[in-house]
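Colleague: everything below, folded, please.
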Amino acid sequence: MSSAPDDSPRLRSVTREIDAIDDVLELADARDPIVWSRRGDILVGTGGAAATFRGSSTPDEVARWWQRIADTAEIDDPVKVPGTGLVAFGALPFDPRSAADAVLTVPRLIVGRRGGRAWLTRITPADTDDGPADSATSQPTPHPYGPHWSATLGPGALTPDGYQDAVRAGLDAIASGGVAKVVLARDLAGTVPAGADLRRLVRALASSYPDTWTYAIDGLIGASPETLVTVAGGTVTARVLAGTAARGADADADTAASVALATSTKDLDEHQFAVQSVLRALRPYTAALVSEEQPFMLKLPNVWHLATDVEGTLAGRASALDLVSALHPTAAVAGTPTSAAIEIIARLEPFDRGRYAGPVGWIDADGDGEWAIALRCAQFHLAADAPSTIPLTAYAGAGIVAGSDPEAEMLETRVKFRPIIDALA
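Modeller: Residues are numbered from 1 along each chain as shown. From the prediction side, this is the model:
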């Protein structure tokens, strides 16, 4: 069912441990998969929705709806590891003014694997009788993957030359003192064949980029290296990424690229903007909050990133979605000051970002969850009335600060497009 903000169905959730399943992804819906995966741990939602919030809403409105759902739910969960019990998967727009909906959905069936343990959760309306609780161990049927496919991709609303013009305009705004940093994105437009098995894209991303959060929610599919926030048993963690360099073609070039990024004043300044924005957002919710003094070098198959981990202890009962609301958008995907940067983005980007650079992840009834920033992604427009193809839009961006070079920033977006373009091919 789809739910308005004041419509909160009572749900029953029953979780049982099960034997390991070789390929959990085979249980996902081929046309509209719900997946959250990293380093072999995976959650897959299937079987339709027990409840869904969908609409033009801010993260705090979504958080309030979820709290009402969680407060009235009946939960039977002897497994008690992250991802068990009542769980909802969500993807929220970058800007609440976006035409894209915020969505938070509770699948009827969730199959998970973490640290060698596997489980199955069935979620039903609380006023129905679905038989004994142990019927939750009745495993769903896997579905073989459909044929291989490839996407057709081309320029979007902002061409490479147009993007460089936008960067120049962003530099003018920085020079005038309006902002210290602004993150500008560009887009690619494309199609895949109607009926394409989108699990193949999820599998390609998870295989090539195992250290990222691979996600698929409501047609948004990607592999994000950036944790927005994780909440687990009162502990809060986040990973800030800002500052990027392409990997070198050989070992010497790769080392040189890493050293150049680690010593770049421009990139270090950009990174510090992002770290401070996260610390400011989290301090009101934490009793203790620490971050590394210096960023470390995060190595991914296609890029180096400057990265800083942040960890704290919750001071109250804030949920993962409450912290998402406080954190989003970070300086890493918007700029500094945030409100001014968002207005410049709206003026210079000739498209609606939708859920690109917005929060994506999951939350449970205790408020714990894992949320990333939707990067390295494509949005599939599943409801489009196209008999032979499914439209898609892919996005990549770069942080612009004083001293940025328009061509270099455009080339950085090309590197960031690589994961999703390679997987789509």
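Colleague: pop the domain breakdown of this structure in here.
Modeller: 2-137, 152-197+240-358+369-424 (automatic domain parsing).
Colleague: distance across the longest one, terminal residue to terminal residue?
Modeller: Using Cα to Cα, to the nearest Å, the end-to-end distance of domain 152-197+240-358+369-424 comes out at 8 Å.
Colleague: let's test this: mean pLDDT of it, rounded?
Modeller: Averaging pLDDT along domain 152-197+240-358+369-424 yields 91.
Colleague: re earlier: please convert the domains of the chain to TSV, extending it with mean neighbour count.
Modeller: Where C-beta positions appear, they are placed from N, C-alpha and C, glycine not excepted. As requested, the domains of the chain are exported to TSV (neighbours: other Cβ atoms under 10 Å):
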stretch	mean neighbour count
domain 2-137	19
domain 152-197+240-358+369-424	19
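Colleague: residue 228 is nearest to which of the ones you listed?
Modeller: Residue 228 lies closest to domain 152-197+240-358+369-424 among the domains of the chain, at 4.5 Å (Cβ to Cβ).
Colleague: that older thread, of all the domains of the chain, which lies closest to residue 208?
Modeller: Of those, nearest to residue 208 by Cβ to Cβ is domain 152-197+240-358+369-424, at 6.3 Å.
Colleague: how about the domains of the chain in TSV, adding distance to residue 216?
Modeller: Output for the domains of the chain, formatted as TSV (distance: least, Cβ to Cβ, whole Å):
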stretch	distance to residue 216
domain 2-137	4
domain 152-197+240-358+369-424	9
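Colleague: what's the closest of those domains to residue 213?
Modeller: Closest to residue 213 of those, according to Cβ to Cβ: domain 152-197+240-358+369-424, at 4.1 Å.
Colleague: what residues are up against the nearest residue to residue 236 once chain neighbours are set aside?
Modeller: In space, and not counting its chain neighbours, residue 236 is closest to residue 312: 4.6 Å by Cβ to Cβ, 6 or more residues apart in numbering. When contacts are counted by Cβ atoms under 8 Å, 6 or more residues apart in numbering, residue 312 touches 235-237, 282, 285-290.
Colleague: state the number of residues packed around the residue nearest to residue 311 when sequence neighbours are not counted.
Modeller: Closest residue to residue 311 apart from its sequence neighbours, by Cβ to Cβ, 6+ apart: residue 237 at 5.0 Å. Neighbour count for residue 237, taken as other Cβ atoms under 10 Å: 14.
Colleague: would you list the strands that the host helix or strand of residue 228 pairs with, along with their directions?
Modeller: Here residue 228, judged by DSSP states H and E, is contained in strand 227-232. Sheet pairing of strand 227-232 (DSSP bridges) gives strand 235-246 (antiparallel), strand 369-373 (antiparallel).
Colleague: let's see the last one as CSV, backbone CA atoms only.
Modeller: This means strand 369-373. Below are the C-alpha coordinates for strand 369-373, written out as CSV (Å, rounded to 0.1, in the frame of the first residue of the first chain):
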residue,chain,number,x,y,z
GLY,A,369,20.3,1.8,9.9
GLU,A,370,22.9,2.4,7.1
TRP,A,371,22.6,5.4,4.8
ALA,A,372,24.9,6.5,2.0
ILE,A,373,24.9,9.4,-0.5
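Colleague: the residue nearest to residue 49 when sequence neighbours are not counted sits in which helix or strand?
Modeller: Leaving aside its chain neighbours, residue 49 sits nearest to residue 105 (5.0 Å; criterion: Cβ to Cβ, 6+ apart). Following DSSP H and E, one finds residue 105 within strand 102-114.
Colleague: can you give me how far that strand is from the chain middle?
Modeller: 15 Å (Cα atoms, centre = their mean, to the nearest Å).
Colleague: strands paired with that strand, and their directions?
Modeller: Paired with strand 102-114 in the same sheet, following DSSP bridges, are strand 41-55 (antiparallel), strand 87-91 (antiparallel), strand 117-125 (antiparallel).
Colleague: ok, residues contacting the shortest one?
Modeller: What that stands for is strand 87-91. 34, 36, 43, 45, 51, 62, 66, 69, 102-107, 110, 121, 215, 217-218, 220, 321, 355, 358-365, 374.
Colleague: and that strand, how far out from the chain middle?
Modeller: 11 Å.
Colleague: cool, and stretch 395-402?
Modeller: Centroid separation for stretch 395-402 versus its chain: 18 Å, with Cα atoms, centre = their mean.
Colleague: gap between the nearest residue to residue 285 once chain neighbours are set aside and residue 275?
Modeller: Closest residue to residue 285 apart from its sequence neighbours, by Cβ to Cβ, 6+ apart: residue 318 at 4.7 Å. As judged by Cβ to Cβ, to the nearest Å, residue 318 and residue 275 stand 20 Å apart.
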